[in-house]
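1. from the sequence below, what's the structure:
(4 chains)
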Number of protein chains: 2
Amino acid sequence: MTGKPEGAQQRATAEMVARAAEVSRAAVSRAFNPEAPLKPEKRARILKIAEELSYTPDRAARALVTRRSHLVGVIVPDVCSPWESQEVDALTTALQAEGFATLLFKTRVDSSMDERLLTYMRGFNPDSVIVFAENVRPHMLSRFLDRAVPIYVTYPVERRPAEREDDGRWPGEPDTLFDRIDVDQWEGMEQAVALLAGYGCRRIAYLSGKPVSLGQHARRKTLEALMARRGLPALVVVPGDFSYDKGYAGTLDLFRLEGGADAVFAANDESAFGALDALRYELKLRVPEDVKVIGFDDIAQSHWRSYNLTTVKVDLEARVRALVRLIQRRLKTPDAPAIAETVRTRLVVRGTVG
Amino acid sequence: MTGKPEGAQQRATAEMVARAAEVSRAAVSRAFNPEAPLKPEKRARILKIAEELSYTPDRAARALVTRRSHLVGVIVPDVCSPWESQEVDALTTALQAEGFATLLFKTRVDSSMDERLLTYMRGFNPDSVIVFAENVRPHMLSRFLDRAVPIYVTYPVERRPAEREDDGRWPGEPDTLFDRIDVDQWEGMEQAVALLAGYGCRRIAYLSGKPVSLGQHARRKTLEALMARRGLPALVVVPGDFSYDKGYAGTLDLFRLEGGADAVFAANDESAFGALDALRYELKLRVPEDVKVIGFDDIAQSHWRSYNLTTVKVDLEARVRALVRLIQRRLKTPDAPAIAETVRTRLVVRGTVG
DNA sequence: CGCCTAAATGAAAACGTGTTCACTTTTCCA
DNA sequence: TGGAAAAGTGAACACGTTTTCATTTAGGCG
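-> Alright, predicted model coming up:
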């Protein structure tokens, strides 16, 4: 008994279908391309025979001549993270519906973007590349990928002030080379700060994510700007790395060594869970009575009864829709000017505030 | 300012490298294949020039002639689920290290396996296919994929009794056509039942997963066999679908309508969280004092303080290692007999028991 | 220095498809 | 019915590789 049993026929080829249908190979090719001119009854006959032989055009061969692989490279630091897996899930579904396939690659968010990974990925000829690693800056990508390949970097920005303060990390405006999806963090965070202020919170702590993440950096800047507007005291910044464990430990440090806070604003939901558990089980504080907690993302776990987290929701569906729309547009008109779409955020109020 | 600026040169081709290095195209090809005969200094020169032109062999073209795409198709029902995302993550890392890329597809676990998806996927010529959808039976796959493509179905089985009782769903032993990774659920569940019995639990409920899942079905069978051995009363089966919400609702039903239980054994960790929250926050019962709870998988969230779940851990790393090992073996010797590797399970004791 | 063997090399043939370009057939209108 | 325009069709080329097969070059030994 072998893994490749006797009947292991090779895949059917267009040539074989052509022979069986007594037409030319070109006709077979045209049968699978709806726009190509071909007499309807002939197309039907060809497709029928193709079905019987279970023939499908070989995408590798097709890619060679059409310059379209229908592959979309997706670079993600950590598929395990609930937020990223949610994003990969939605994206894969959307791409699949449009005739693409997801080519998944992993990088480490704490390493600078691996040059080898980009070269490696390029070998597969993706039609497009989506980078969810927030530490990746476009100028890295431009060195290694063909300009013809549209690249999408999801880069969360603060909306106001329009000028970015810490621009050393985003030099020379190379971002206009790429289409971009921006997450407007202002709106949701404005609502969050308003809510906290309404409850009289003054001393607010920010439980940060990995320092290399541009997104969490923007989050902190936004928070500081919003608090300054309301005349609140300076933000207390607690180092973190997006993980539950760091959220837990950081919160312990905050309350044992740094004098605590009225509210903890976490860079993402997962670390907010860590903060919650530290407050409740280790520090014996009540949430929301003693301390308020707010997260960022609104992952599926946030509505679980044990956490029931108030959080700033990013419109993931809209983000994925925009992404796919931009890819299609770019592939259709490669020379169109680069554009940036913006995705909104809004506060979801649950049990950890009020 | 356009998305495809003036300097948008096409990708370098072997032909261009050959011309620049004043050698033949064949030499360039050989330079990238370490086993191919080529004078060392010449290889070095070619590689240097290739580097300068940032040339990489086109994998689509290469696949056409070598019949190796270096693509591995992975079919997953739901990337969002913590367990599956953990598996995809580990697998992607391992495949990447071996020179493969993950081609990710999504199906719905509650649908019967979509035939269109398989045909669609086949068009990309994956070297191998890994199916994590537990409802997929091999005979579906054999109709749509070439026999030359090794397929891996992860199929959790009960170890003892060796004979499977409900074999209608796994007809005619077609499984020997494919390499297989089996999860031996017996060992870990034996430990779990022993622990529960030690605490005097007699009325045990099983919070099941989706009915179509062969894995959860095997889990129930194993549990029943283990309980029968110890002379425990019959298992109380609560319908579920692996989700938190169903775990929550199912547990409410169990205690309000079915008379409750001493212990709840959930088909996976996520639904165990639902059970826990229902017990604590809605039914006002104490865990583990009033009711014990045990999960299955040991996902990352299980050690979070709010849950701190006792659970049966599946050795994910071993499973992924075995998977990659089997793929390599099959690609090297396509005619080798099909084999099945077994992955162990063991109980991780945390706070929800004892 | 000359022969024989082994290693290195390039020309050319695949691999399976899409597409151009002539060519043939059909359709439509006068 | 004739002719022109339109539509349908097939042969051949291109896409970028790997690999076979002659051929050339280098190497070792007498």
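2. local confidence estimate at residue A:160?
-> Note on residue A:160: pLDDT of 44.
3. OK, contacts around the spatially most central residue of chain A?
-> With distances taken as Cα atoms, centre = their mean, residue A:132 lies nearest the centre of chain A, 4.5 Å away. Residue A:132 makes contacts with A:74-77, A:84, A:87-88, A:154, as judged by Cβ atoms under 8 Å, 6 or more residues apart in numbering or on different chains. C-beta: built from backbone N, CA, C; applies to glycine.
4. distance of it relative to residue B:72?
-> 21 Å (Cβ to Cβ, to the nearest Å).
5. next one: residue A:280
-> Separation of residue A:280 from residue B:72 (Cβ to Cβ) stands at 43 Å.
6. these two: which is more packed in?
-> Shown here are residue A:280 and residue B:72; by other Cβ atoms under 10 Å in any protein chain shown, residue B:72 has more neighbours (24 against 18).
7. confidence score at the closest residue to DNA strand D within the stretch 251-354 of chain A?
-> At 15.7 Å from DNA strand D, residue A:334 is the closest residue in the stretch 251-354 of chain A, using Cβ to the nearest atom of the strand. On the pLDDT scale, residue A:334 is placed at 79.
8. ok, back up a step: what backbone torsions are found at the residue nearest to the centre of chain A?
-> phi -100, psi 0 (degrees, to the nearest 10).
9. give me the contacts around stretch A:80-93.
-> So stretch A:80-93 is contacted by A:74, A:76-79, A:102, A:104, A:130, A:132, A:242, A:268-270, A:297, A:299-301, A:316-317, A:319-320, A:323-324, B:78-80, B:82, B:85-86, B:88-89, B:104-106, B:300 (Cβ under 8 Å, 6+ apart).
10. domain parsing of chain A, as residue ranges.
-> Following automatic domain parsing, chain A resolves into domains at A:14-57, A:67-182+A:316-338, A:186-314.
11. so which of these comes closest to residue A:351?
-> Nearest of those to residue A:351, taken as Cβ to Cβ: domain A:186-314 at 3.7 Å.
12. so which helix or strand of chain A has the lowest pLDDT on average?
-> The weakest-scoring helix or strand in chain A, judged by mean pLDDT, DSSP states H and E, is strand A:151-157 (a mean of 65).
13. and the nearest residue to residue A:36 once chain neighbours are set aside, helix, strand or coil?
-> Among residues not flanking residue A:36 along the chain, residue A:30 sits closest, at 3.7 Å (Cβ to Cβ, 6 or more residues apart in numbering or on different chains). Following DSSP: H, G, I helix; E, B strand; the rest coil, residue A:30 is assigned to helix.
14. for residue A:30, give me its contacts.
-> The neighbourhood of residue A:30, defined by Cβ under 8 Å, 6+ apart, consists of A:36-38, A:43.
15. those residues, buried ones only, as a PyMOL selection?
-> In PyMOL, this line selects whichever of those come out buried by 16 or more other Cβ atoms under 10 Å in any protein chain shown:
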select buried, chain A and resi 38+43
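16. and which of the contacts of residue A:30 is nearest DNA strand C?
-> The closest of these, once distances to DNA strand C are taken by Cβ to the nearest atom of the strand, is residue A:36, at 6.6 Å.
17. hang on, the closest one packs against residue A:28?
-> No. Under the criterion of Cβ atoms under 8 Å, residue A:36 makes no contact with residue A:28, lying 10.7 Å away.
18. quick check: next helix or strand after the strand or helix carrying residue A:65?
-> For residue A:65, the host element (DSSP states H and E) is helix A:59-66. Helices and strands here follow DSSP H and E; after helix A:59-66, the next one along the chain is strand A:71-76.
19. that following strand pairs with which strands?
-> Partner strands for strand A:71-76, per DSSP bridges, with pairing direction: strand A:101-106 (parallel), strand A:128-131 (parallel).
20. need those in CSV with distance to DNA strand C, can you?
-> Output for those, formatted as CSV (distance: least, Cβ to the nearest atom of the strand, whole Å):
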stretch, distance to DNA strand C
strand A:101-106, 16
strand A:128-131, 18
